[in-house]
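Enquirer: fold the following for me, if possible:
(chains A and B)
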Amino acid sequence: MEKIVINPVTRIEGHAKITIHLNPDGRVSRTHFHVTQVRGFEKFTEGRPYYEMPAITARICGICPISHLLASVKACDEIMAVRVPPTAAKLRELLHCGQFIQSHALSFFHLSAPDLLLGMDSDPARRNVLGLLDKYPDIARDGIALRKFGQCVIQRLAKERVHPSWTVPGGVNAPLEPGAREEMLKELPGAKAIARRTLALFKSVVDEFQEEIENFGTDPTMYAGLVDHGGRLQLYDGRIRFMDSEGTVLSEVDTPASYADYIGEASLPDSYLKAPYYKPAGYAGGVYRVGPLARLNVADSCGTPEADHEFGEYHQRFGRVVQSSFQYHYARLIEALYAIEKAEMLLSDPSILGKHVRAKAGVNALEGVGIAEAPRGILIHHYRVDEKGAIQWANLIIATGHNNLAMNRSIEQVSRHFVDGSRLKEGMLNRVSAVVRAYDPCLSCSTHALGQTALRIQLIAADGTVTDELRT
Amino acid sequence: MNSDTGMKPKIAIFKFASCDGCQLSLLELEDSLLDLVNAVEIAYFPEASRRMLKGPYDIGLVEGSITTHHDAERIQRVRRESKTLVTIGACATAGGIQALRNWKDVGEFVRFVYAKPDFISTLKMSTPVAEHVPVDFELRGCPINKLHLVELIGAMLAGRKPNIPTYSVCMECKRRGNVCLAVSASLPCLGPVTQAGCGAICPAYHRACYGCFGPMENPNPTALAGRFEAQGHADRDIMRAFRMFNAWSWQFRQVSEERERR
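Expert: Numbering: from 1, shown residues only, chains lettered A, B, ... in the order given. Sure thing, here's the model as predicted:
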């Protein structure tokens, strides 16, 4: 009999809106996830020289500009048909570690910890990072410090935290200074200690969320993520591995250019976002998830000692293939630890100070595809250029887009379980928002074509009237 | 004012079409964030909290450009609720990178990206906030400099004029000891007409300025375009140089359109 709108959903990056339709008896009949604006990157970049693409596409997102920069420069590397100098590849990966650390810290501490530590049903006026600061000042400070460490890695390498111009087609534009390396190595143990503490904290509270674990998007799906030839977790460069819900590896994409053989993009009649699916399985059966949960499902190991230890415990507790989207949080924390360890490995390698960091060339190929893991999942930039290097066509497949179908299903599942339209409580709707936060969607990214989204929950009666609206 | 909040000034952060990078610079303040929280009341910041205090707000920070009918209505409400309205970043002050669509057919964009474009309700143009409502202060940059934000809020709390540079990037280049790329390498550098604020990072790495901070006070982009032409750059390239993140600022727009017509 009613429709619930959550608009905007708060504590996510960007804005979005959820509509929950109710039956006459107050039970949930269906849900919708809305997006409503146009920015239009794929079209307005037509005619721009390919080497401007990193700077332009970084502006898609202020939270993960580094991922866009890296996917973009990798596509440009292909257009130039160059091999990036090994030091430059390591520096890019190090930069990417900084980005994962800061983004995962933001997602966990600033956006989701208020739900997890203060409680899903706690006072909404205090259920935020400031409330966290009041009640658990040490944890909130840990969050600020961990994010700061990641941002400092980015700043030391790239000189700017948001939209830096340091990564360029062919490599990076300046080598790492020895002093900056020393500073990062000095700060690293503190960051590692925070990541360890936070994992211990999460593990001590995770069992209190049994009902959420069982209802936060548990429908089996496929999973996709980057791995190296040894099946280890990769963030900067690797092969896309697709795995089914049982844990069987279905395929690995050998070359970036062949991604289109594996990923199809469906347009849904009732949604603004396009929905990528695993082509060989067809649209109906090809729903997959990306991001931390998926990456730790498809990888055989992380490849760093402490993260591997946590990886083992995580799978022992929740199975080889972890299905509940609630565990995005757990996986995200393991990845934060991995990124810190990986950064340490890269910084400890003497060749990181190498001076040859940029390969120069003109246009040697008319097409380029760059694939990297963004904090939220696989990110693909695909460009076609003319002989002068002017962009003729561009396609961007964004991490949050891959999760579109699965996220919609999760919203529906959570709504059905927690929302009772006959006696609506704030905590019910907060759980609907919380499942969205578990995916950590970046709506600035997913709406790169559409721009702003605003998440709000609307309660819509069977006769179509809006009877309640929650601005979270 | 709420009894539990004392008399702290209320700040609200509003988002329109943008990447979120500018409002996140509030979180970038890190340790100073705690000081800020003690000094002001964050009354509306959906990115961080669902707590939303009612207006009016002492300071309304607006990120993002106006791109939908709904935006155009909402910005009027935001203006009414904000005693002082400050736009932050290139999207809010100049329409942002998405203003590049202002020279193209937006219907074509929608058809390219969406199978069912009937869902999309968009304006033809991406426009700055100041084209819709009066703005009290514009904070430039793509993204903004977080220290400018601290200075701005501090100045407003103290009731003085914020001390934010209005001179060009050239001054920062000189201070840094950069060799001039426009003179030494004949690169089409926007530094001479772009407002300082970034610290001249790009020229320090041998990359011509591409104007993240938008036009400085009283720039002369027409003369600069003439200089680019004398260096051998084609009209099309000159047009493109002025069409980046601040393309729709009238100073840059004028010169890019003039070059497009040639």
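Enquirer: quick one: pLDDT of whichever residue of the stretch 201-350 of chain A sits closest to chain B?
Expert: Distances between the stretch 201-350 of chain A and chain B by C-beta to the nearest C-beta are smallest at residue A:267, namely 3.0 Å. No exception for glycine: its C-beta is placed from N, CA and C like everyone else's. pLDDT for residue A:267: 70.
Enquirer: distance-wise, check it relative to residue A:221.
Expert: Distance of residue A:267 to residue A:221, computed by C-beta to C-beta, to the nearest Å: 20 Å.
Enquirer: please apply the same query to residue A:58.
Expert: For residue A:58, the distance to residue A:221 - C-beta to C-beta - is 30 Å.
Enquirer: next: residue A:20.
Expert: 22 Å.
Enquirer: which one of these two is surrounded by more residues?
Expert: Using other C-beta atoms under 10 Å in any protein chain shown, the more surrounded residue of residue A:20 and residue A:221 is residue A:20, with 30 against 24.
Enquirer: assign that one to helix, strand or coil.
Expert: strand (DSSP: H, G, I helix; E, B strand; the rest coil).
Enquirer: looking at strand pairing, list the partners for the residue of the stretch 201-350 of chain A closest to chain B.
Expert: Beta-bridge partners for residue A:267, by DSSP bridges, are residue A:274.
Enquirer: measure it to residue A:275 for me?
Expert: Counting by C-beta to C-beta, the gap from residue A:267 to residue A:275 is 8 Å.
Enquirer: check residue A:408 too.
Expert: Residue A:408 is 9 Å from residue A:275, by C-beta to C-beta.
Enquirer: would you pull up the residue in chain A closest to chain B?
Expert: residue A:62 (2.2 Å).
Enquirer: which residue comes closest to that residue once chain neighbours are left out?
Expert: Computed as C-beta to C-beta, 6 or more residues apart in numbering or on different chains, the closest residue to residue A:62 that is not its neighbour in sequence is residue B:21, at 2.2 Å.
Enquirer: tally of neighbours for the one you found?
Expert: Neighbour number of residue B:21 under other C-beta under 10 Å is 28.
Enquirer: contacts only, for it.
Expert: Listed by C-beta atoms under 8 Å, 6 or more residues apart in numbering or on different chains, the contact partners of residue B:21 are A:59, A:61, A:62, A:63, A:65, A:162, A:163, B:89, B:142, B:143.
Enquirer: next one, pLDDT for it please.
Expert: 87.
Enquirer: against residue A:410, how distant is it?
Expert: Taking C-beta to C-beta, one finds residue B:21 at 28 Å from residue A:410.
Enquirer: for residue B:11, same thing?
Expert: Note on residue B:11: its distance to residue A:410, by C-beta to C-beta, is 34 Å.
Enquirer: got it, and residue A:419?
Expert: Taking C-beta to C-beta, one finds residue A:419 at 13 Å from residue A:410.
Enquirer: return the subset of the contacts of residue B:21 lying in helices.
Expert: Secondary structure from DSSP state H places A:65, B:89 of the contacts of residue B:21 in helices.
Enquirer: of the contacts of residue B:21, buried ones?
Expert: Neighbour-count burial (16 or more other C-beta atoms under 10 Å in any protein chain shown) is assigned, among the contacts of residue B:21, to A:59, A:61, A:62, A:63, A:65, A:162, A:163, B:89, B:142, B:143.
Enquirer: next step: those residues restricted to strands.
Expert: Among the buried ones among the contacts of residue B:21, DSSP state E puts none in strands.
Enquirer: please convert these to JSON lines, extending it with distance to residue A:286 and pLDDT.
Expert: Output for these, formatted as JSON lines (distance: C-beta to C-beta, whole Å; pLDDT from 0 to 100):
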{"residue": "A:59", "distance to residue A:286": "31", "pLDDT": "88"}
{"residue": "A:61", "distance to residue A:286": "26", "pLDDT": "82"}
{"residue": "A:62", "distance to residue A:286": "31", "pLDDT": "81"}
{"residue": "A:63", "distance to residue A:286": "28", "pLDDT": "81"}
{"residue": "A:65", "distance to residue A:286": "30", "pLDDT": "88"}
{"residue": "A:162", "distance to residue A:286": "35", "pLDDT": "75"}
{"residue": "A:163", "distance to residue A:286": "34", "pLDDT": "75"}
{"residue": "B:89", "distance to residue A:286": "39", "pLDDT": "96"}
{"residue": "B:142", "distance to residue A:286": "38", "pLDDT": "93"}
{"residue": "B:143", "distance to residue A:286": "37", "pLDDT": "92"}
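Enquirer: follow-up on the earlier one: compare residue B:11 and residue A:410 (neighbour count), which wins?
Expert: It is residue A:410, of residue B:11 and residue A:410, that has more neighbours when counted by other C-beta under 10 Å, with 28 against 25.
Enquirer: now that one: closest residue in space, sequence neighbours ignored.
Expert: residue A:217 (2.9 Å).
Enquirer: burial of the one you found, as a residue count?
Expert: By the criterion of other C-beta under 10 Å, residue A:217 has 26 neighbours.
Enquirer: contacts for stretch B:26-36?
Expert: By C-beta under 8 Å, 6+ apart, the surrounding residues in contact with stretch B:26-36 are A:106, A:110, A:133, A:144, A:147-148, A:151, A:161-162, B:13, B:45, B:48, B:146, B:149-150, B:153.
Enquirer: repeat for stretch A:202-211
Expert: With C-beta under 8 Å, 6+ apart, stretch A:202-211 has contacts from A:116, A:117, A:213, A:326, A:329, A:330, A:333, A:417.
Enquirer: could you dump it to CSV, C-alpha only?
Expert: Provided in CSV are the C-alpha atoms of stretch A:202-211 (Å, rounded to 0.1, in the frame of the first residue of the first chain):
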residue,chain,number,x,y,z
PHE,A,202,35.9,-6.2,13.3
LYS,A,203,36.4,-9.9,14.0
SER,A,204,35.2,-9.3,17.6
VAL,A,205,31.9,-7.7,16.5
VAL,A,206,31.1,-9.6,13.3
ASP,A,207,29.2,-12.3,15.1
GLU,A,208,26.7,-9.7,16.4
PHE,A,209,25.5,-9.1,12.9
GLN,A,210,24.3,-12.6,12.2
GLU,A,211,20.9,-11.4,10.9
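Enquirer: in that stretch, what counts as buried?
Expert: With burial defined by 16+ other C-beta under 10 Å, the residues of stretch A:202-211 counted as buried are A:202, A:206, A:209.
Enquirer: narrow the residues you listed to those in helices?
Expert: Applying DSSP H to the buried residues of stretch A:202-211, the entries found in helices are residue A:202.
Enquirer: which of the buried residues of stretch A:202-211 lies closest to residue B:39?
Expert: Nearest to residue B:39, judged by C-beta to C-beta, of the buried residues of stretch A:202-211 is residue A:202 at 32.5 Å.
Enquirer: chain B contacts on the stretch 101-250 of chain A?
Expert: The stretch 101-250 of chain A has residues A:106, A:110-111, A:124-130, A:133, A:144, A:147-148, A:151, A:159-166, A:173-174 near chain B, with proximity defined as C-beta under 8 Å from any C-beta of the partner chain.
Enquirer: sort out for me which of those residues are in helices.
Expert: Those of these lying in helices (DSSP H): A:129, A:130, A:133, A:144, A:147, A:148, A:151.
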